[in-house]
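A.B. asks: Below is the structure, and that's it, no one-letter string:
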Ligand code: DMJ
């Protein structure tokens, strides 16, 4: 009887703690969170001003040398295009307007350079589409279409999977070997463009590439990692969900949600079952997703990449919150082991095999999703810890910079463009969540965190404009 009484008291205590946690996120006033949200805005503005001072007109700020880097022989203005949707969301309207004006007045894509099709799709095409959504400026849509038309020749292959590079001026494409993310992360941006231009060709190109990957799954339903775009043969048969594969899965589910493409929904549902069956494993009391042979399903490697930390977000979004929470706890553990995450970690060797941290957003993205989905202040506090560590180890006198080695915290001279697009945005959205200005349920993010309003895509119109049966 005494034992029962104690158990009841403990249960009561736990459930009331849980409620207190949940209430934390639904409060309309929260001075501590307001201050953090404002701090993220201030830091974004400080970094943006430094980009303008030291790197304006170029792709990337090098914050230690107070200089810049370009991805190719000619700059493509990638940082500002990636930054636009974050600056707009934070209410930094004049900064956002300046980017819009520059794109309209001064940016030409008629450049004789070979660009990486995957990277420019998520950053430039995704960034421009978000710019169009938020401004409604028809000249931005023209630029966006012009850019996509320059990308399309890459998809002209035997399988429909795009080549690795395409020349923006000549349309000549090259590079027959691509990883799965490079092969099939296009339906989301291309679908949005098809919707706005009423031309299905963009979505159809992206969709064909995605289905070409799915069709090459093994008998047990797993896909590999690297593929030849002409022969359709797998070059690497290792199956995983990390760097080089990640956004294939992400876009299956998000394209199903945004466009109601039932076939992609079916592929997602099937794929997630196989991932959970073959890649997930409990090790040292934690949930991990390792690497398996796509034919046998046997786990062959315990190497994970920090990109894998996007997975709790997509698990949660698709309804598996319980698994998402368990997995996020693994990632939080890894972050706290070092104070930042290593790019590659082997969970059986218990070793960082590539110790770089590039200001990546994935773990922060998942924390934001779970904060919204559960209302549990645990995730607010988790993100606050991540923010404190990013400030501690990556902040410089002018902006933020990547870290060469999470064991020594030696800095490297580079602020990736996704720091503007994603990392700062997810911090801001978490800390400003209680203000209710941005309704998570109304939006979907591309893999570069550019936000798109779901209700803008009218279901019946989508079918016609994207050519979905
Ligand atoms: C981003 O460019 C995108 O999120 C991409 O899908 C993979 N991850 C990087 C940032 O880490």
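C.D. replies: Looks like it came in fine. Everything numeric in this text was worked out from a predicted model, so none of it was measured. Residues are numbered from 1 along each chain as shown.

A.B. asks: Could you identify the helix or strand that succeeds the helix or strand bottoming out on mean pLDDT in the chain?
C.D. replies: Taking mean pLDDT, DSSP states H and E as the measure, the chain has helix 2-26 as its least confident helix or strand, at a mean of 41. Moving toward the C-terminus from helix 2-26, the next helix or strand (DSSP states H and E) is helix 31-55.

A.B. asks: Please work out the average pLDDT along that following helix.
C.D. replies: Regarding helix 31-55, the rounded mean pLDDT is 98.

A.B. asks: Equivalent analysis for stretch 139-148, please.
C.D. replies: Taken as a whole, stretch 139-148 has a mean pLDDT of 98.

A.B. asks: And it, what's buried?
C.D. replies: By neighbour count on 16 or more other C-beta atoms under 10 Å, the buried set for stretch 139-148 is 140-141, 143-145, 147-148. Where C-beta positions appear, they are placed from N, C-alpha and C, glycine not excepted.

A.B. asks: And for stretch 455-469?
C.D. replies: For stretch 455-469, a neighbour-count test (16+ other C-beta under 10 Å) marks 457, 462, 465-466, 468 as buried.

A.B. asks: check the residues you listed against the ligand, which are close?
C.D. replies: Among the buried residues of stretch 455-469, not one lies near the ligand by C-beta under 6 Å from any ligand atom.

A.B. asks: Would you mind giving those residues as JSON lines with pLDDT and secondary structure added?
C.D. replies: Listed next are those as JSON lines, based on pLDDT from 0 to 100; DSSP: H, G, I helix; E, B strand; the rest coil:
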{"residue": "457", "pLDDT": "98", "secondary structure": "coil"}
{"residue": "462", "pLDDT": "98", "secondary structure": "helix"}
{"residue": "465", "pLDDT": "98", "secondary structure": "helix"}
{"residue": "466", "pLDDT": "98", "secondary structure": "helix"}
{"residue": "468", "pLDDT": "97", "secondary structure": "coil"}
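
A.B. asks: Which two among those are spaced furthest apart?
C.D. replies: Farthest apart among these by C-beta to C-beta are 457 and 468. That separation is 11.5 Å.

A.B. asks: so what sits against both of those two?
C.D. replies: Both residue 457 and residue 468 are in contact with residue 259, where contact means C-beta atoms under 8 Å, 6 or more residues apart in numbering.

A.B. asks: near the ligand, which residues of the stretch 351-469 of the chain?
C.D. replies: Close to the ligand, as judged by C-beta under 6 Å from any ligand atom, the stretch 351-469 of the chain has residues 360-362, 418, 447-448.

A.B. asks: same deal with the stretch 101-250 of the chain?
C.D. replies: Counting by C-beta under 6 Å from any ligand atom, the stretch 101-250 of the chain sits next to the ligand at 122, 246-247.

A.B. asks: Restricted to helices, list these.
C.D. replies: 246-247 (DSSP state H).

A.B. asks: Go ahead and build a PyMOL selection from the buried members of the residues of the stretch 101-250 of the chain next to the ligand.
C.D. replies: Buried members of these, defined by 16+ other C-beta under 10 Å, are picked up in PyMOL with:
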select buried, resi 122+246+247
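
A.B. asks: Check the residues of the stretch 101-250 of the chain next to the ligand against residue 279 and report the nearest one.
C.D. replies: residue 246 (12.5 Å).

A.B. asks: pLDDT score for the closest residue to that closest one other than its chain neighbours?
C.D. replies: Nearest residue to residue 246, sequence neighbours excluded (C-beta to C-beta, 6 or more residues apart in numbering): residue 307, at 5.2 Å. Predicted confidence (pLDDT) for residue 307: 98.

A.B. asks: which stretches of the stretch 101-250 of the chain form helices?
C.D. replies: 117-120, 126-135, 138-151, 180-183, 187-197, 201-215, 246-259 (DSSP state H, counting those that start in this stretch).

A.B. asks: could you dump those to CSV with distance to residue 351?
C.D. replies: Formatted as CSV, those follow (distance: least, C-beta to C-beta, whole Å):
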stretch, distance to residue 351
helix 117-120, 29
helix 126-135, 35
helix 138-151, 39
helix 180-183, 25
helix 187-197, 35
helix 201-215, 31
helix 246-259, 22
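
A.B. asks: Quick one, which of these gets closest to residue 39.
C.D. replies: Nearest to residue 39 among the helices of the stretch 101-250 of the chain is helix 126-135 (23.8 Å), distances taken as C-beta to C-beta.

A.B. asks: can you give me the mean pLDDT across the closest one?
C.D. replies: Computed over helix 126-135, the average pLDDT equals 98.

A.B. asks: contacts for it?
C.D. replies: 81-82, 84-85, 88, 96, 99-100, 103, 137, 140-141, 143-144, 147, 188-189, 192-193, 196, 421, 446-448, 450-453, 456.

A.B. asks: swap in stretch 191-207?
C.D. replies: The list of residues contacting stretch 191-207 from outside it, by C-beta under 8 Å, 6+ apart, reads 125, 129, 132, 141, 144-145, 148, 152, 155, 160, 162, 184, 186-190, 255, 258-259, 261, 264, 452, 457, 461-462, 464-468.

A.B. asks: Please work out the average pLDDT along that stretch.
C.D. replies: Here the average pLDDT along stretch 191-207 is 98.

A.B. asks: which residues of this protein score low on pLDDT?
C.D. replies: For the chain, applying pLDDT under 70 flags the ranges 1-27.

A.B. asks: so how far is residue 445 from residue 459?
C.D. replies: Residue 459 sits 20 Å away from residue 445, going by C-beta to C-beta, to the nearest Å.

A.B. asks: typed the wrong thing, it's residue 280
C.D. replies: Look at residue 280 and residue 445: by C-beta to C-beta, they are 24 Å apart.

A.B. asks: neighbour-wise, which of the two wins?
C.D. replies: Higher neighbour count among residue 280 and residue 445: residue 445, with 26 against 16, using other C-beta atoms under 10 Å.

A.B. asks: Just list the residues touching that one, thanks.
C.D. replies: 451-452.

A.B. asks: List phi and psi for it.
C.D. replies: Backbone torsions of residue 445, given as degrees, to the nearest 10, read phi -110, psi 140.

A.B. asks: Look up how far residue 415 lies from it.
C.D. replies: 21 Å.

A.B. asks: can you check residue 315 too?
C.D. replies: Going from residue 315 to residue 415 by C-beta to C-beta gives 29 Å.
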